[in-house]
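K.L.:
Okay, sequence plus prediction incoming.
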Number of protein chains: 2
Amino acid sequence: MRESEQILLAHGGGGELTQRLIVEHVLPRLGNPLLAPLADGALLDPVAGRLCLTTDSFVVQPLVFPGGDIGRLAVCGTVNDLAMMGARPLALSLGLILEEGLPLATLDRVLDSIAAAAAAAGVPVATGDTKVIERRGAGGLLINTTGLGELRPGATLGAERVAAGDLLLINGGIAEHGLAVLSVRQHLEFATDLVSDLAALDELAALLIATCGENLKFMRDPTRGGLAGLVCDLAAAAGLGLELDEAAVPILPAALATAELLGLDPLGIANEGKLVAVVAPAAAPRALAALRAHPLGGRAALIGRCLRAAPPLAELITRGGGRRLIARPYGEDLPRIC
Amino acid sequence: MRESEQILLAHGGGGELTQRLIVEHVLPRLGNPLLAPLADGALLDPVAGRLCLTTDSFVVQPLVFPGGDIGRLAVCGTVNDLAMMGARPLALSLGLILEEGLPLATLDRVLDSIAAAAAAAGVPVATGDTKVIERRGAGGLLINTTGLGELRPGATLGAERVAAGDLLLINGGIAEHGLAVLSVRQHLEFATDLVSDLAALDELAALLIATCGENLKFMRDPTRGGLAGLVCDLAAAAGLGLELDEAAVPILPAALATAELLGLDPLGIANEGKLVAVVAPAAAPRALAALRAHPLGGRAALIGRCLRAAPPLAELITRGGGRRLIARPYGEDLPRIC
């Protein structure tokens, strides 16, 4: 590859080369009236509601994986964090940290993905920043996306609203993102049809808010730490016990087989297109019906319940009818998964 | 150093170790009611005005330099980007990307700096994210800070408002940040009393807006690319010629000597506590007086003017009375300077 087709340290200097990178590669793909002035920031029109700010850095390896790439992951991940807070996305910021040696073709592909995902979610990349760091290996790419949103009318979410008796729903099968990334990273050709579940959950979240109103208590996407991390966090934050029914948690046979082969607990594996919603029992049937009627919720299921318990722990009712404590994963089975 | 005193890859897994890192190191330093719930994002109260969103990643090496460190740099840099847009900071997000092997003591020091700088600027770190990437060398640290602000009443800024005859002011001497970082990085002991000019420019910006009203046309901080990059960008964006008087541009004798020794043009070297303001001529005397009355503006000066010119280029009137074109720096003399 010619040097002119790669990122150089000098692309990060804030000079002529930085300018060309922005004008020739970024603006043609992401350009919009907010970003185009290339000012120190973007000015947005006033909004009436409460604001939501959320940030996430993405360090996934490899940059492209079955079902997506780091660009789409960054946009969907941040849109999803806003969605889980009950907010409608208004604008994203994009911080690119490029490694020297990154092929410009890879950057272009990632920028195309960012553009497509942002357009699909109806949210502009309003402001950005580009830095370059020294070569590490083949030339990588890190992304920070920060999202600004406006709280949707009717959203009253928070772990403190969750009560004993409330029910846990999920919109589909678990562990697909983590296992899909792992399968390519380890050059394992075993589970070739597993793809990441990467998706923007904004519509689904809006649907639940509209369907359930204040009977929707809490939403979160089980990304790093998986479903296990989510239920442990929620039990502690709500001060309640949680019970998950293993037999009710949707999982593709291929995902289950791959996780078993690798000795990984699917409950601890990252998802990127799943949400867990906690609803009052009265709203559960219509919430489940609403999820199942959406393309991202065809396999939605009721997977558990909240109950009074001290100390507030999460338990799994196993397929065999036994019970075991669910532990928050200690470190990580899968580094750089998102 | 014991392994328990360093960042491990497992600290980035979203599990128990991530939780401990946040609870034991981040929250005691940065904790506030917005951050404390550790939700997917922070909910902020509604504001009346236009919103400003700005993002910046910080990759400076070394992490600690004369006059500051990467933590204070990140907070001040983002506060300054908001300030230059005419906005009052409302909230910051903090994306930490840690390298395996980073001493926890270094992380703590950087977090302390972030906390102190955020408190001084009166802005909460409202939401955050932590990732860990593989060891590169001694263990480094990258930071993204994204800022949300509200446009100050009376701020009407933009390159398109700049007109022929408008004047350029700066609040003090140039090139100190870049040269201070370079001096420690290269183990050069020559210019030992040079320290970074790193500072939050929020008060100064508010003062200029209050003093000049709509006679204040444009503000920007000459960071990467230095004053040269700023005037080249502004000339192009405003479609005007710019003239800088070399003799009027403040620079410490130590900075000038160091730059000359290294063969670097001080105009192209990064600053982190300087702003350039463009004002209508009628407002220049009171703007200059306001700057000089502030601790960060004691050496403020009128350094140039805008004029009708085609093509719109920036020129330097040299100390000797000659003229030369100011070119946007091509790549970077000083990689990873901010």
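P.N.:
Done, it's in. Residues are numbered from 1 along each chain as shown, chains lettered A, B, ... in the order given.
K.L.:
Is the residue of the stretch 151-300 of chain A found nearest chain B in a helix, a strand, or coil?
P.N.:
Sorted by distance to chain B under Cβ to the nearest Cβ, the residues of the stretch 151-300 of chain A start with A:Arg224, at 2.7 Å. Heads up, the C-betas are built off the backbone N, CA and C, glycines and all. For A:Arg224, the assignment made with DSSP: H, G, I helix; E, B strand; the rest coil gives coil.
K.L.:
ok, it - contacts?
P.N.:
A:Arg224 makes contact with A:270, A:332, A:337-338, B:12-15, B:18 under the criterion Cβ atoms under 8 Å, 6 or more residues apart in numbering or on different chains.
K.L.:
Let's have those in JSON lines, adding neighbour count and secondary structure.
P.N.:
As requested, the contacts of A:Arg224 are arranged in JSON lines below (neighbours: other Cβ atoms under 10 Å in any protein chain shown; DSSP: H, G, I helix; E, B strand; the rest coil):
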{"residue": "A:Ala270", "neighbour count": "32", "secondary structure": "coil"}
{"residue": "A:Glu332", "neighbour count": "24", "secondary structure": "coil"}
{"residue": "A:Ile337", "neighbour count": "28", "secondary structure": "coil"}
{"residue": "A:Cys338", "neighbour count": "25", "secondary structure": "coil"}
{"residue": "B:Gly12", "neighbour count": "28", "secondary structure": "helix"}
{"residue": "B:Gly13", "neighbour count": "28", "secondary structure": "coil"}
{"residue": "B:Gly14", "neighbour count": "26", "secondary structure": "coil"}
{"residue": "B:Gly15", "neighbour count": "24", "secondary structure": "coil"}
{"residue": "B:Thr18", "neighbour count": "24", "secondary structure": "helix"}
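K.L.:
any weak-confidence spans in the stretch 51-200 of chain A?
P.N.:
Low-confidence regions of the stretch 51-200 of chain A, defined here as pLDDT under 70, cover residues A:138, A:189-192.
K.L.:
What residues does it have near chain B?
P.N.:
Selection of the stretch 51-200 of chain A residues close to chain B by Cβ under 8 Å from any Cβ of the partner chain yields A:51-59, A:80-82, A:84-85, A:87, A:91, A:93-97, A:126-129, A:131-134, A:136, A:142, A:144, A:146-149, A:151, A:158-159.
K.L.:
Okay, and which of those residues map to strands?
P.N.:
Where these overlap with strands, as defined by DSSP state E, the overlap consists of A:51-58, A:87, A:91, A:93-97, A:126-129, A:131-133, A:142, A:144, A:146-149, A:151.
K.L.:
that older thread, which one among the contacts of A:Arg224 gets closest to A:Arg29?
P.N.:
Ranked by distance to A:Arg29 (Cβ to Cβ), the contacts of A:Arg224 are led by A:Cys338 at 22.5 Å.
K.L.:
A:Thr223 is in contact with the closest one, correct?
P.N.:
Yes. Assessed by Cβ atoms under 8 Å, A:Cys338 is found in contact with A:Thr223 at 5.8 Å.
K.L.:
got any residues that touch both of those two?
P.N.:
A shared contact of A:Cys338 and A:Thr223, defined by Cβ under 8 Å, 6+ apart, is any residue touching both; here these are A:77, A:177, A:270, A:272.
K.L.:
Shouldn't the second one be within a helix?
P.N.:
Yes. Counting by three-state DSSP, A:His177 is located in a helix.
K.L.:
Name the residues of stretch A:52-67 that come out as buried.
P.N.:
Neighbour-count burial for stretch A:52-67 flags A:52-61, A:63-67 (criterion: 16 or more other Cβ atoms under 10 Å in any protein chain shown).
K.L.:
Next, the distance between the ends of it.
P.N.:
In stretch A:52-67, first residue to last residue: 28 Å (Cα to Cα, to the nearest Å).
K.L.:
Find the residue at the geometric middle of chain A.
P.N.:
Most central in chain A under Cα atoms, centre = their mean is A:Gly77, positioned 3.3 Å from the mean C-alpha point.
K.L.:
Would you check how far apart that residue and B:Thr130 are?
P.N.:
14 Å (Cβ to Cβ, to the nearest Å).
K.L.:
same question, A:Asn144
P.N.:
12 Å.
K.L.:
Between the two, which is the more surrounded one?
P.N.:
Using other Cβ atoms under 10 Å in any protein chain shown as the criterion, A:Asn144 and B:Thr130 rank with A:Asn144 on top: 31 against 20.
K.L.:
who's in contact with stretch A:244-254?
P.N.:
By Cβ under 8 Å, 6+ apart, the surrounding residues in contact with stretch A:244-254 are A:168, A:170, A:172-176, A:191, A:193-194, A:227, A:231, A:266-267, A:299-304, A:314-319, A:326.
K.L.:
what angle do the strand or helix carrying the residue nearest to the centre of chain A and strand A:141-151 make?
P.N.:
When secondary structure is defined using DSSP states H and E, the element that contains A:Gly77 is helix A:70-84. Helix A:70-84 and strand A:141-151 are oriented at 20 degrees to each other (axes from the mean of the first three to the mean of the last three Cα atoms, to 10 degrees).
K.L.:
Also compute the angle for helix A:70-84 relative to strand B:125-133, please.
P.N.:
Comparing the axes of helix A:70-84 and strand B:125-133 via the same axes, to 10 degrees yields an angle of 140 degrees.
K.L.:
elements contacting helix A:70-84?
P.N.:
Based on contacts counted as 3 or more Cβ pairs under 8 Å, 6 or more residues apart in numbering or on different chains; DSSP states H and E, the elements that helix A:70-84 packs against are strand A:51-58, strand A:87-99, helix A:104-121, strand A:141-151, helix A:202-212, strand A:216-220.
K.L.:
Pull out the buried positions in that helix.
P.N.:
Neighbour-count burial for helix A:70-84, with 16+ other Cβ under 10 Å as criterion, is recorded at A:70-84.
K.L.:
same thing with stretch A:249-264?
P.N.:
Using 16+ other Cβ under 10 Å as the burial criterion, the residues of stretch A:249-264 that qualify are A:249-252, A:254-255, A:258-259, A:262, A:264.
K.L.:
do stretch A:25-43 as well
P.N.:
Neighbour-count burial for stretch A:25-43, with 16+ other Cβ under 10 Å as criterion, is recorded at A:25-27, A:29-30, A:34-35, A:39-43.
K.L.:
which residues are in contact with that stretch?
P.N.:
The list of residues contacting stretch A:25-43 from outside it, by Cβ under 8 Å, 6+ apart, reads A:22, A:44, A:91, A:93-94, A:104, A:107-108, A:111-112, A:114-115, A:118, A:124-128, A:130, B:50-55, B:80-82, B:84-85, B:87, B:147, B:149, B:151, B:158-159, B:220-221, B:233, B:237.
K.L.:
now the residues you listed: which count as buried?
P.N.:
When burial is judged by neighbour count using 16+ other Cβ under 10 Å, the buried members of the contacts of stretch A:25-43 are A:22, A:44, A:91, A:93-94, A:104, A:107, A:111, A:114-115, A:118, A:124-128, A:130, B:50-55, B:80-82, B:84-85, B:87, B:147, B:149, B:151, B:158-159, B:220-221, B:233, B:237.
K.L.:
ok, back up a step: please convert the contacts of A:Arg224 to CSV, extending it with pLDDT and distance to B:Arg308.
P.N.:
Putting the contacts of A:Arg224 into CSV (pLDDT from 0 to 100; distance: Cβ to Cβ, whole Å) gives the following:
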residue, pLDDT, distance to B:Arg308
A:Ala270, 95, 58
A:Glu332, 63, 60
A:Ile337, 87, 56
A:Cys338, 90, 52
B:Gly12, 88, 55
B:Gly13, 85, 60
B:Gly14, 83, 58
B:Gly15, 85, 62
B:Thr18, 90, 58
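K.L.:
Among those, which one lies nearest to A:Glu243?
P.N.:
Closest to A:Glu243 out of the contacts of A:Arg224 is B:Gly15 (20.9 Å), distances taken as Cβ to Cβ.
K.L.:
any idea how far B:Leu9 is from the closest one?
P.N.:
Where B:Leu9 is concerned, B:Gly15 sits at a distance of 12 Å (Cβ to Cβ).
K.L.:
Please apply the same query to A:Tyr330.
P.N.:
As it turns out, when the distance is counted by Cβ to Cβ, A:Tyr330 lies 12 Å from B:Leu9.
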